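[1] just a sequence and a predicted model for now, questions to come.
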Amino acid sequence: MKYTQLPNTQIEVSKICLGTMTFGRQNTETEGHAQIDYALDQGINFIDTAEMYPVPAHEPTYGHTEIIIGNWLKKTGKRSEIVLASKIAGANRGLAFIREDLGFNAQTIRESLDKSLSRLQTDYIDLYQLHWPERKVNFFGQRAFKAEDDAWEDNIQSVLEALSGLIREGKIRTIGLSNETPWGVMRFLEESKKHDLPKITTIQNPYSLVNRTFEMTLHEIAYREKVGLLAYSPLAFGLLSGKYNVETQDPNARLNLFPNFARYNSQSTREASKMYQQIASDHGLSVTQMALAFVQQQSFVTSTIIGATSMAQLEENIGSQNMELSDSIVREIEKVQNRFPDPAP
C-alpha cells in the first residue's frame, strides 16, 4: 500500500480510503466489520464516513454507519491504527430528521460532532468535513449556479472559528470540505489566512472517468493552495465496473436499487462506460481496476475512496493499487473523454 500525508498535516493516510456509506443498508454490521478487517490487512488505514450514512439517507437508518464503525473500534481496540474521517450534513438536502437547524454554526457543529463521536465510540475525529455547502449549489445533476432564492449570508469566518475551538479541545485534528465549488473553497482559504484560522486540508468531491470536472474547476486551486482531493465515486456508483453492461443484471446493484441516482444513469454515461470497458478489454485489464488506477495516478488525488457491497468487489478494488496505466491507454481514455466530456456532473 502507498501512503501520503493529508496536506499541511503530519497525518499519514493510505492512498486508498475505505468508504462506508453502504454499511447499515446494503451491508450488515458483520459484513461491514469484515470489510474493515480486510482493508486493514491490505494496509488501508483511512476510513471515511458521515453522520447521514448509510445512503440514500433514511430516518430509520440514520447514523447506523457510524454505529457499525464504532462497534468495530470498541471490539478491536484499534482506534490508534485508523485515520477516521466523518462529515456534518449540510442544509438543503431534506435531512430534517438529523437536526432541526441544518445550517452551520457553533451550536449545530458541536451537536453533530458530539453525536458522531458517541456513535463512533471515540474521543476525536481525525478529519471532520462539511458534507455540503449551505448555499444552494452543487446539487447532483445541476451543472450551473442558479442565484434565485439564495438567502444565504456569508458565515464562513464563524464556521471556521467554531471548528477552531473544537480543534483546540482535541475533538478534531483537521478539517475539510465536500461537494464544494471553487468559490466556496477559495472563501474558506481566504478566511483562514485573513483571521489565522484552521486551513482546510482536503476537498471530498466526485472524480472518475465519467466526471473529471475537478480538473477544470478545482485542480489549480488544489495545486496552488496545497489542498488535496479525496476522490469519491471513482467507479460512478459501480457503472465503471461493467456490471450494468450485461443483459442479466443484479437487482441488488446500487443503480438498480436506487434508480433515482440519475447522475450516473444517463444514456451518455452508460455509452461512455461501455467504451471504457472496451479499452480495458483490449488491453487485458479489468475495467474496474483501470478506472481506479486512472484516478489514483492523478497528482492532485490525495486518496481514492472506494466502497463495495461484497468482499469480491473490495478485493478487486484494492487490487488496483499497484496498477500503472501506459501512455497509450491514457490516450485512448482521452479520446472517450473528448467524445463524452464529463457525462455525470
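    Right, received. Where do you want to start?
[2] and the next helix or strand past the helix or strand of the chain with the lowest mean pLDDT?
    In the chain, no helix or strand scores lower on mean pLDDT, DSSP states H and E than helix 254-257, which sits at a mean of 54. Beyond helix 254-257 on the C-terminal side, the first helix or strand identified by DSSP states H and E is helix 267-282.
[3] for the nearest residue to Ile47 once chain neighbours are set aside, helix, strand, or coil?
    Using Cβ to Cβ, 6 or more residues apart in numbering and skipping residues adjacent in sequence, the residue nearest Ile47 is Leu18, 4.9 Å away. C-beta: built from backbone N, CA, C; applies to glycine. Put simply, Leu18 is strand when judged by DSSP: H, G, I helix; E, B strand; the rest coil.
[4] please apply the same query to Ala231.
    Going by three-state DSSP: Ala231 is strand.
[5] that one reaches Arg212, doesn't it?
    No - Ala231 lies out of contact with Arg212 (Cβ atoms under 8 Å); the separation is 10.4 Å.
[6] just want to know which of the two has more residues nearby.
    Ala231 (26 against 20; other Cβ atoms under 10 Å).
[7] could I get the full set of strands for the stretch 51-200 of the chain?
    Under the criterion DSSP state E, counting those that start in this stretch, strands of the stretch 51-200 of the chain are mapped to 83-88, 125-130, 172-178, 200-206.
[8] tell me which of the ones you listed lies nearest to Ile44.
    Proximity to Ile44 (Cβ to Cβ) singles out strand 83-88 among the strands of the stretch 51-200 of the chain, at 9.7 Å.
[9] and the closest one, C-alpha only, in CSV?
    Coordinates of each C-alpha in strand 83-88 appear next as CSV, following Å, rounded to 0.1, in the frame of the first residue of the first chain:
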residue,chain,number,x,y,z
VAL,A,83,-7.3,7.7,10.4
LEU,A,84,-11.0,8.4,10.8
ALA,A,85,-13.0,10.9,8.7
SER,A,86,-16.6,11.9,9.1
LYS,A,87,-18.9,14.7,8.0
ILE,A,88,-21.6,17.0,9.2
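[10] angle of that strand against strand 172-178?
    60 degrees (axes from the mean of the first three to the mean of the last three Cα atoms, to 10 degrees).
[11] give me the number of neighbouring residues for Ile203.
    Using other Cβ under 10 Å: Ile203 sits among 28 other residues.
[12] now for it: which residues touch it?
    Ile203 makes contact with Gly176, Leu177, Ser178, Glu180, Val185, Leu218, Ala222, Val227, Gly228, Leu229, Leu230, according to Cβ atoms under 8 Å, 6 or more residues apart in numbering.
[13] I'd like these as CSV, with pLDDT, neighbour count and distance to Lys74 appended.
    Shown next, in CSV, are the contacts of Ile203 (pLDDT from 0 to 100; neighbours: other Cβ atoms under 10 Å; distance: Cβ to Cβ, whole Å):
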residue, pLDDT, neighbour count, distance to Lys74
Gly176, 98, 23, 26
Leu177, 98, 24, 30
Ser178, 97, 23, 27
Glu180, 95, 26, 33
Val185, 98, 21, 36
Leu218, 97, 22, 37
Ala222, 98, 22, 36
Val227, 98, 24, 33
Gly228, 98, 23, 30
Leu229, 98, 24, 32
Leu230, 98, 27, 26
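[14] just the closest of those to Glu316, please.
    Of those, the one sitting nearest to Glu316 (Cβ to Cβ) turns out to be Leu230, at 20.6 Å.
[15] in the sheet, who's paired with that closest one?
    With DSSP bridges applied, Leu230 shows beta-bridge pairing to Gln204, Ser303.
[16] is it true that it touches Phe300?
    No - between Leu230 and Phe300 there is no contact under Cβ under 8 Å: 10.8 Å.
[17] pass me the low-pLDDT residue ranges in this structure, would you?
    Residue ranges of the chain with pLDDT under 70: 92-93, 140-141, 143, 148-149, 243-263.
[18] the same query, at a cut-off of 50, please.
    Scanning the chain with the threshold set as pLDDT under 50 gives 246.
[19] could you find the closest non-adjacent residue to His283?
    Spatial nearest neighbour of His283, chain neighbours left out: Ile329 (5.8 Å); criterion: Cβ to Cβ, 6+ apart.
[20] within the helices and strands, which one has the one you found?
    Applying DSSP H and E, one finds Ile329 within helix 327-339.
[21] name the helices or strands packed onto that helix?
    Judged by 3 or more Cβ pairs under 8 Å, 6 or more residues apart in numbering; DSSP states H and E, the packing partners of helix 327-339 are helix 267-282, helix 287-296.
[22] may I see the buried residues of stretch 115-135?
    115-117, 119-122, 124-135 (16 or more other Cβ atoms under 10 Å).
[23] how far out from the middle of the chain is that stretch?
    14 Å (Cα atoms, centre = their mean, to the nearest Å).
[24] end-to-end on it?
    End-to-end distance of stretch 115-135: 24 Å, with Cα to Cα, to the nearest Å as the criterion.
[25] do the same with stretch 48-60
    21 Å.
[26] one more: stretch 292-306?
    9 Å.
[27] now swap in stretch 305-320 and tell me
    12 Å.
[28] tell me which residues in it are buried?
    Ile305, Ile306, Gly307, Ala308, Thr309, Gln313, Leu314, Glu316, Asn317, Ile318, Ser320.
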